[in-house]
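Participant: Please work out how this folds:
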Amino acid sequence: METVSMLKQINEAAAYIRSKCQAAPEIGLILGSGHGVLAEMIEHGTVIPYDDIPHFPVSTVEGHSSELLIGEVNGKTVMMMKGRFHLYEGYGVEVVSFPVRVMKELGVHTLIVTNAAGGINTDYEAGDLMLIKDHINLMFRNPLIGPNDKRLGVRFPDMSEAYNAKLREQAREVAAGMGLTLREGVYVGLLGPSYETPAEIRMMRTLGADAVGMSTVPEVIVARHAGIRVLGFSCISNMASGILDQPLSHEEVMETTERVKPKFLQLVLNMISKL
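Facilitator: Residues are numbered from 1 along each chain as shown. Down below sits the predicted model:
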């Protein structure tokens, strides 16, 4: 996507959203598999199908809706993506991360990303919640490749604090106040859609990864490029390949996220009130 056309597309998408909703969002939410229940907490919400927004792709994955919601949560105006896009669906990395550009244009200053992930750290169990402290990009794709426009961000953005330290500290305090055990670890992003082999999981553990998934990394890179601060959570929906003597399935992912969604929902809601 050339820079000029990207700017034009960002402006066109933002203009359409503004025509449907006058509220100016402060906080962006990108929800992973099974986390769409957060949308139920939006008050005075405007629902905009992705199909209707210029240049937006559509999610094709079970457990992901294809709607944008703008409204109030705990007194804050949020812009919520109910369903995200993945590289394994065939979208380019700049397309997957495009909605974050639109969020920035609309006024979003803080992004909360959630995902379902496989547990690599053998101390983890399915159903754990993990605060993302850093990530490893094994997708080998970067949405910033190509000409850089300074209106979007600097040529070489700093990623030494991809996930905001102050927000992570607040998340730990919120979780402690809830009596909730919150893991904290490194998320590794892969292309998918096949699950990883046991040998690949051993490699990733050696590299320092605690959880693995097929999303999040492109959106976070673009958010940091745009100057948006990021907070990320993974729901450990299953243990990764080779840790337990059982096959992996998307059904298990959905079942686990359904089981833990009450505590996960409350954690995110309590964080929003702090932002």
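
Participant: What about the closest residue to Met81 other than its chain neighbours, how many residues nearby?
Facilitator: Using C-beta to C-beta, 6 or more residues apart in numbering and skipping the chain neighbours, the partner closest in space to Met81 is Ile30 (4.7 Å). C-betas here are computed from N, CA, C, even on glycine. By other C-beta atoms under 10 Å, the residues close to Ile30 number 27.

Participant: so what's Ile30 scoring on pLDDT?
Facilitator: As summarised for this prediction, Ile30 has a pLDDT of 92.

Participant: What segments of this protein are strands?
Facilitator: Using DSSP state E, the strands of the chain run over 27-30, 43-49, 67-73, 76-82, 110-119, 129-137, 182-189, 211-213, 229-239.

Participant: Pull out the buried positions in the fourth one.
Facilitator: The neighbour-count criterion (16 or more other C-beta atoms under 10 Å) identifies Thr77, Val78, Met79, Met80, Met81, Lys82 as the buried residues of strand 76-82.

Participant: Quick one: these as a markdown table, columns for distance to Ala176 and pLDDT too.
Facilitator: Formatted as a markdown table, those follow (distance: C-beta to C-beta, whole Å; pLDDT from 0 to 100):
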| residue | distance to Ala176 | pLDDT |
| --- | --- | --- |
| Thr77 | 27 | 94 |
| Val78 | 24 | 95 |
| Met79 | 28 | 95 |
| Met80 | 26 | 92 |
| Met81 | 28 | 90 |
| Lys82 | 29 | 83 |
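
Participant: of all those residues, which comes closest to Leu269?
Facilitator: Comparing the buried residues of strand 76-82 against Leu269 with C-beta to C-beta places Val78 closest, at 10.5 Å.

Participant: My guess is that closest one contacts Ile30. True?
Facilitator: No: the criterion here is C-beta atoms under 8 Å, and Val78 misses it with Ile30 at 11.1 Å.

Participant: hang on, the earlier thing: out of the strands of the chain, which gets nearest to Ile221?
Facilitator: Nearest of these (C-beta to C-beta): strand 129-137, 7.6 Å.

Participant: And for the closest one, what's in contact with it?
Facilitator: When contacts are defined by C-beta atoms under 8 Å, 6 or more residues apart in numbering, strand 129-137 is touched by residues 113, 117, 124, 162-163, 168, 171-172, 175, 180-189, 204, 207-211, 216-217, 220-221, 232-236, 260, 263-264, 267.

Participant: out of the residues you listed, which are buried?
Facilitator: For these, buried by 16+ other C-beta under 10 Å: 113, 117, 124, 162-163, 168, 171, 175, 182-189, 204, 209-211, 216-217, 220-221, 232-236, 260, 263-264, 267.

Participant: in the stretch 101-250 of the chain, which segments are predicted with low confidence?
Facilitator: 242-250 (pLDDT under 70).

Participant: same thing but 80
Facilitator: 239-250 (pLDDT under 80).

Participant: which residues of it fall in helices?
Facilitator: 165-177, 198-207, 217-225, 250-272 (DSSP state H, counting those that start in this stretch).

Participant: Serialize those to CSV and add fields for distance to Gly153.
Facilitator: Shown next, in CSV, are the helices of the stretch 101-250 of the chain (distance: least, C-beta to C-beta, whole Å):
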stretch, distance to Gly153
helix 165-177, 19
helix 198-207, 27
helix 217-225, 4
helix 250-272, 25
